[in-house]
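Enquirer: this is a predicted model, with the sequence first.
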Amino acid sequence: MDTNSLQRVSAEEWRIEPRGKMRVPAVIYATEELIRQMDEKVREQIVNVATLPGIEKAAYAMPDAHWGYGFPIGGVAAFDAARGGVVSAGGVGFDISCGVRTLLTGLTAEDVEPVKRSLADSLYRHIPAGVGSRGLLELTDSELDEMLSDGARWAVSRGYGTEADLSRTEEKGQMSGAIPDVVSGFAKNRQRREMGTLGSGNHYLEVQRVTEVFEVSAAEAFGIRCNDIVVSIHCGSRGLGHQIGTEFLREMAVEAKNYGIDLPDRELACAPIESPLGEKYLGAMRAAINCAFANRQIITHLVRQAFAPVIPKAALTVLYDVSHNTCKVEEHQVDGHMKRLFVHRKGATRAFGPNHPGVPETLRSIGQPVLIGGTMGTASYILVGTSESENHSFSSSCHGAGRQMSRAQATKRWRGRELMDELAERGILIRSPSPRGVAEEAPGAYKDVNAVVEASEKSGLSRRVAKLEPLICIKG
Amino acid sequence: MALMAVVTDPAHVALEREVIVEREAPDDEILLMDWLNALIYEMSANQLIFGSFDVLLGDHHLQGRARGEKVDVERHEPAVEVKGATFTALSVAQNSNRDWVAQCVVDV
């Protein structure tokens, strides 16, 4: 992106003042280097978001922002229903409630290294990954509806986890306001046999080593020390979420003109929050959030099963589970007043600071863990939310590195099997049914995650707590 | 065919089963999206992949037949699941040679 098209506010904050149909400014948080790596489309898309009805304060782009569908990935926007605000299927994305769950193991690298190969094989056997993989469950219609209403709580009630897992999951694992009846039969059919599956693309399960601790007090509160082993699960609401996104994107795009909404791009498909279509989408989207919670809960159970025969002493407790593709109703300060807003985060992580009631009680004095996914050969991070991010971005931060190369470019440059051999030489074991999928997800196809989290910290969006590096990656 | 090439090499898909799709839409671009999404649904819900297509277009109306088989992970080495067809770069139009070009970015 050309920095000349932006007004520089500080080293990490860039602004576009309202012009044309923009109702609010657009704000991008990134270093100059990250801005230059961003596609021009990010500027165009965040400006388009700023034109939507009922938007509050500004349209924001996080340091990992890249070209998405309608909204940029790494986009944050909040809408006030009372001012005609909208809810946008394009603003949430296809992979509704895609997110990261991190498990603490109570193990150190020395516990894992001698059995790393057996552990990788056991995880790969237990956790369905990749195209065409099926879960162990096949849900009936009534079971699907229960799962869509109760989320991770449904999974725990079926024996896939504990109450303690729920206390460390966003929304305690159960998103209120879900309406399973408005989820189509097509969406339910896509999900019937997909519970407890990772999926493909950038989704993964990693066994990671804590290689650096930046903030000891927060790390202690999170239960993390250098050289500890953690497990991170990155996936979402699978076929059900994809189908809901598909159906509502079309319906909202076709119906927008009937609601008097002038869409600058059909991908921004949206409907007034207070409209039958808006309410229907919110009910379906919240059901998809529950599906994602339940999915990550079942995978947690499978991880425990996979560890048990290899390292029986592994604790595998949930540190936290947070989504990065959602629309949530939250209270935020706008011009000195507390407002109830519909906050869209697409490829952006909620990042509540200390003392926020949305943070689990045991972590509340520290702030919310913000879980940042990397790629197979690069680092992931655990960050913590800040109080300042409330003012900066409706308490939001980045979600990952963001691609810098297309899948086609990546497959021309790398071969999956060679890449797996190279990573194995560096001590990173990859297990995947698809060598081509591995090549498409090559670490070099992504931006530098270290630069992204540094920019998030310097912008005041979140602070670094710990850096994680992969030992094992199960890739779909 | 381009949709299938995102997942696997369509030339290696056996034409053992067929799926019939019929759709109507407000315009040809949304019709293209609907056709692709119908195939994506079959791939996701029924684990099918396709190697051959016949499409008959009318006035914002489509009748299509897709032929393929159940995915075999070892033989097809599928790279990614396709989540859905998008409005990005969505176009159905004639180019300067008067050839019809249908294009759409799909989310993976």
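Expert: Yep, that arrived.

Enquirer: report the central residue of chain B.
Expert: B:Leu36 (4.0 Å; CA atoms, centre = their mean).

Enquirer: check which helix or strand that residue maps to.
Expert: helix B:28-46 (DSSP states H and E).

Enquirer: anything in that helix near chain A?
Expert: Yes. Judged by CB under 8 Å from any CB of the partner chain, helix B:28-46 comes into contact with chain A at B:Ile30, B:Met33, B:Asp34, B:Asn37, B:Ile40, B:Tyr41, B:Ser44, B:Ala45. All C-beta spots, glycine's among them, are computed from the backbone N, C-alpha and C.

Enquirer: need the residues of chain B near chain A, please.
Expert: Counting by CB under 8 Å from any CB, chain B sits next to chain A at B:7, B:26, B:30, B:33-34, B:37, B:40-41, B:44-45, B:47, B:71, B:73, B:77-81, B:83-88, B:90, B:105, B:107-108.

Enquirer: who are the contact partners of the residue in the stretch 1-150 of chain A positioned nearest to chain B?
Expert: Ranked by CB to the nearest CB, the top residue of the stretch 1-150 of chain A for proximity to chain B is A:Val131, at 3.6 Å. Applying CB atoms under 8 Å, 6 or more residues apart in numbering or on different chains, we find A:Val131 in contact with A:Ser200, A:Pro433, A:Ser434, A:Gly476, B:Val7, B:Val71, B:Val73, B:Pro78, B:Ala79, B:Val80, B:Glu81.

Enquirer: ok, of those, which come out buried?
Expert: Neighbour-count burial (16 or more other CB atoms under 10 Å in any protein chain shown) applied to these gives A:Ser200, A:Pro433, A:Ser434, A:Gly476, B:Val7, B:Val71, B:Pro78, B:Ala79, B:Val80, B:Glu81.

Enquirer: quick one: those as CSV, columns for secondary structure, pLDDT and distance to A:Gly236 too.
Expert: Shown next, in CSV, are the buried ones among the contacts of A:Val131 (DSSP: H, G, I helix; E, B strand; the rest coil; pLDDT from 0 to 100; distance: CB to CB, whole Å):
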residue, secondary structure, pLDDT, distance to A:Gly236
A:Ser200, coil, 85, 12
A:Pro433, coil, 87, 19
A:Ser434, coil, 85, 19
A:Gly476, coil, 81, 12
B:Val7, helix, 89, 19
B:Val71, coil, 91, 21
B:Pro78, coil, 88, 19
B:Ala79, coil, 84, 18
B:Val80, coil, 85, 14
B:Glu81, coil, 88, 12
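
Enquirer: nearest to B:Ala14, of these?
Expert: If you rank these by distance to B:Ala14 using CB to CB, B:Val71 comes first, at 11.1 Å.

Enquirer: and the closest residue to that closest one other than its chain neighbours, how many neighbours?
Expert: Among residues not flanking B:Val71 along the chain, A:Gly132 sits closest, at 4.3 Å (CB to CB, 6 or more residues apart in numbering or on different chains). Residues near A:Gly132, counting by other CB atoms under 10 Å in any protein chain shown, number 21.

Enquirer: can you tell me the helix or strand for A:Gly132?
Expert: With secondary structure defined by DSSP H and E, A:Gly132 is part of neither a helix nor a strand.

Enquirer: correct me, but it touches B:Gln47?
Expert: Yes. Counting by CB atoms under 8 Å, A:Gly132 touches B:Gln47, with 5.0 Å between them.

Enquirer: if anything else comes up later, I'll come back, but that's it for now.
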